[in-house]
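Trainee: No letters, just coordinates:
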Ligand SMILES: N[C@@H](CCC(=O)N[C@@H](CS)C(=O)NCC(=O)O)C(=O)O
């Protein structure tokens, strides 16, 4: 294999956006140095290499930085195009579709799940806090609509990208691990075998990929982290109302 140069990845232990990049690098067999950031005390490296958003992940390749997980995935695919798997299809219409679904994950599925977890908590949504039950039901209904769209898209397909795993699968991949964590904290079911057979099958297929299986953050640690985040926001909202 040609020398891949110096590759460094800034991430955190739990970042779902960081995981996308870890999977791409590992599946393509690209050696890299991993640097875990503390986002409460951002390193000079992070501030220097992602001055616009100061967020992880950041890929640093031969001293140049690439930011935003979906952009990084495309960079990896183009830079190491000889290394399988190909993360974006060759065919322009399929490429467009892969990008469409990756964007859909970020704009709809991922964001709405995070909002559901935080819903009553954000100070701007304090009004909604008093209507906890209905707000939550509305959130769940909206997520269910998006999951229905994904279910239809996945029917009869191995991966969202087609026969091979690709960028939209990476974009949705965290769902396999984090949704059960959110379900546990909120005490409700979001994805189930009966309503989402194709999504459930896809989840198992993703989980069975050794590189993905070995890189999940520990579940207990995730439950503790997300429960604490939610509690923190709820407490802040209560304090600002009182
Ligand atoms: N759209 C970005 C999102 C990245 C992101 O939200 N990263 C979080 C960690 S999961 C972060 O660095 N947050 C720090 C901050 O908001 O200051 C991507 O896809 O890379």
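Mentor: That came in fine, so what should we check first? Bear in mind the structure is a predicted one, so any value in this text is a computation, not a measurement.
Trainee: can you tell me how far residue 29 sits from residue 82?
Mentor: 11 Å (CB to CB, to the nearest Å). C-betas here are computed from N, CA, C, even on glycine.
Trainee: ignore the last one, residue 147
Mentor: 36 Å.
Trainee: out of the two, which sits in the more crowded spot?
Mentor: Comparing residue 147 with residue 82 by other CB atoms under 10 Å, the one with more neighbours is residue 147, at 22 against 9.
Trainee: Sticking with that one, tell me its helix or strand.
Mentor: Following DSSP states H and E, one finds residue 147 within helix 132-154.
Trainee: just residue 204 next, same as before
Mentor: helix 197-207.
Trainee: Just give me how far that helix sits from the chain centre.
Mentor: 16 Å (CA atoms, centre = their mean, to the nearest Å).
Trainee: what's around residue 7, how many residues?
Mentor: There are 18 residues near residue 7, going by other CB under 10 Å.
Trainee: How about it, nearest residue that isn't a chain neighbour?
Mentor: residue 32 (4.0 Å; CB to CB, 6 or more residues apart in numbering).
Trainee: again, but for residue 154
Mentor: Counting by CB to CB, 6+ apart, the residue nearest residue 154 is residue 198, at 4.0 Å.
Trainee: I figured that neighbour hits residue 158, correct?
Mentor: No: if you go by CB atoms under 8 Å, residue 198 and residue 158 don't touch, sitting 10.3 Å apart.
Trainee: what sits against the closest residue to residue 39 other than its chain neighbours?
Mentor: The spatial neighbour of residue 39 that comes closest, neighbours along the chain excluded (CB to CB, 6+ apart), is residue 12 at 6.2 Å. Counting by CB atoms under 8 Å, 6 or more residues apart in numbering, residue 12 makes contact with 18, 36-39, 56.
Trainee: Can you spell out the domain ranges of this protein, please?
Mentor: 7-79, 92-241 (automatic domain parsing).
Trainee: got the ones you listed as CSV, with distance to the ligand and mean pLDDT columns?
Mentor: Below are these laid out as CSV (distance: least, CB to the nearest ligand atom, whole Å; pLDDT from 0 to 100):
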stretch, distance to the ligand, mean pLDDT
domain 7-79, 3, 96
domain 92-241, 7, 80
